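[1] give me a model of this one.
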Amino acid sequence: MSRPETGPMQFGDDWPGVFIRGDNAMYMAMMLRAVLDGAKLDPISLAAVEQLHSLLSGCRETPDQEGVVFLKPYDECLKDAEE
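    Numbering: from 1, shown residues only. Just a heads-up that it's a prediction; the model follows:
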């Protein structure tokens, strides 16, 4: 069984969004909490926050749509999942 990786996704012709795998989300959440708490981040933690910024920025529409995973329209994905 394949699995989606963290990154931008687009259902049909809808706006792109971002999927974040749970393992990535938990780490990024901890780094964001550290930023919000005013902690001084080490270089690795700072890189994780910058990675989150890049990831979230990846959902904007650009002419080349590099890195975006294109899927069937959302309703079709739901029908396939129900079958």
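[2] what's near enough to touch the closest residue to Gly58 other than its chain neighbours?
    Counting by C-beta to C-beta, 6 or more residues apart in numbering, Pro8 is the residue found nearest to Gly58 once chain neighbours are left out, at 4.2 Å. For every residue, glycine as well, the C-beta is placed using N, CA and C. Neighbour list for Pro8: Pro16, Gly17, Val18, Phe19, Leu55, Gly58, Cys59, Gly67, Val68, Val69 [criterion: C-beta atoms under 8 Å, 6 or more residues apart in numbering].
[3] so is Met30 in a helix, a strand, or just coil?
    The three-state label given to Met30 by DSSP: H, G, I helix; E, B strand; the rest coil is helix.
[4] parallel or antiparallel, which strands does the longest strand seen in the chain pair with?
    Longest strand in the chain by number of residues (criterion: DSSP state E): strand 7-11. Strand 7-11 pairs in its sheet with strand 17-19 (antiparallel), strand 69-71 (parallel), by DSSP bridges.
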